[in-house]
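Novice: Pasting a predicted model and its sequence here:
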Amino acid sequence: MNRDVTIPTTHPRYFSLMTREKIVAGYKNGLVALEGLIAHGRGECFDYLIGERTTDSARMAIDAAAAQILISNYPVISVNGNVAALCPDLLCSLHRSVKKSMLEINLFYYTKERESKIFQELAKYGVSNVLGTNPDNLVRIPELESNRRLVDSNGIFKADTVFVPLEDGDRTLALKKMGKKVITVDLNPLSRTSMEASITIVDNIIRVIPLLIERIKYHEKNSSESDLYTIVKSYDNKKGLKDALFIMNRYKEDQI
Ligand code: PTJ
């Protein structure tokens, strides 16, 4: 069924509704799993509660993430259907801004067709050297049963830092047990991923990546390696999550 969706730019929820359209288009184009629509709705709800803005606390997490990425030897960015639909351009820019990084497609609701579509989508933005698609290179993450257990031996498996935005929960702990630092972006501060990750950015992925790139560029120019280690060491993830919950409670309460 064809629909004519015109969202006026003056609509108070214009940005949120346009982002929703991107996920719907991603689903129709075969990038997003059906379950990805539900995940997006959950994200919208938490985004609403946090005021659809980047909080100071999220900025601190972004800064720590930038420092962590810069001190790592081999950071890998995990790409799923939702992020491929929402911000493929930004993911490719992030990858380009960190020369030693790689992109890896890793799907929870795996299908070969979706993997190929996501691969083609990233290629449109100039990145075709993407890991995770060659079955001969896939190896198993110990103690994990979901589809995400299969990762690229040249990618997530050997990465020291893994960036896993909009993760579904079971993999973060397994990656940490393998000795990796895990950075996530998750609007839900109570998700298992948020609570297990080394650094959780409680914010919308669309707002996060430009700021992350900006901080990476800033630190590359202005910070020594020891500055970066200090930032990472002094970052307290639990405090970041508590701050996010506090803000979610207070922000809307203050508006009533
Ligand atoms: O493409 P696949 O098969 O790998 O599947 C991807 C999804 C996202 C469907 C899968 O990983 C999944 O089911 O995830 P969950 O368990 O629903 O968790 C996704 C988390 O991301 C939830 O806590 C949401 O609140 C959060 N989230 C959703 N949209 C955004 C978000 N966080 C930041 N920015 C968003 N735009």
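Specialist: Cool, the structure landed.
Novice: correct me, but Ser198 touches Leu175?
Specialist: No. Under the criterion of Cβ atoms under 8 Å, Ser198 is not in contact with Leu175, lying 9.5 Å apart. For glycine as for every other residue, the C-beta is placed from the backbone atoms N, C-alpha and C.
Novice: The two: who's more crowded?
Specialist: Set Ser198 next to Leu175 and count neighbours by other Cβ atoms under 10 Å: Leu175 wins out with 26 against 20.
Novice: hey, what's in contact with both of Ser198 and Leu175?
Specialist: Val182 (Cβ atoms under 8 Å, 6 or more residues apart in numbering).
Novice: Might you enumerate the residues of the stretch 1-150 of the chain proximal to the ligand?
Specialist: Contact residues, the stretch 1-150 of the chain versus the ligand (Cβ under 6 Å from any ligand atom): 33, 35-36, 39-40, 42-43, 46, 80-82, 86, 107-109.
Novice: now, which of those residues lie within helices?
Specialist: Using DSSP state H, the subset of those located in helices is 35-36, 39-40, 42-43, 46, 81-82, 86.
Novice: Nearest residue to Asp160 in space, please, no chain neighbours.
Specialist: Spatially, and ignoring its direct neighbours in sequence, Asp160 is nearest to Ser72 (4.7 Å; Cβ to Cβ, 6 or more residues apart in numbering).
Novice: what's around that neighbour, how many residues?
Specialist: Counted with other Cβ under 10 Å, the neighbours of Ser72 add up to 21.
Novice: Against Glu225, how distant is it?
Specialist: From Ser72 across to Glu225, the span is 12 Å (Cβ to Cβ, to the nearest Å).
Novice: List the single closest residue to Ile50 in space, sequence neighbours excluded.
Specialist: In space, Ile50 is closest to Met248, 5.6 Å off (Cβ to Cβ, 6+ apart).
Novice: Oops, could you answer that again for Ser153 instead?
Specialist: Leaving out its chain neighbours, the residue that sits closest to Ser153 by Cβ to Cβ, 6+ apart is Val139, at 4.7 Å.
Novice: Name all residues that make contact with that neighbour.
Specialist: Residues in contact with Val139 (Cβ under 8 Å, 6+ apart) are 150-153, 157.
Novice: How about it: which residues does it bridge to?
Specialist: Residues in a beta bridge with Val139, per DSSP bridges, are Val151.
Novice: which residues does the residue lying closest to Tyr109 once chain neighbours are set aside contact?
Specialist: Leaving aside its sequence neighbours, Tyr109 sits nearest to Ala33 (Cβ to Cβ, 6+ apart; 3.9 Å). By Cβ under 8 Å, 6+ apart, the residues touching Ala33 are 27, 81, 107-109, 114.
Novice: Quick check: Thr161 touching Leu70?
Specialist: No. Here Thr161 does not reach Leu70: they are 9.7 Å apart, not a contact under Cβ under 8 Å.
Novice: between those two, which one's more packed in?
Specialist: Neighbours around Thr161 and Leu70, counted as other Cβ under 10 Å, are more numerous at Thr161. The numbers are 24 against 21.
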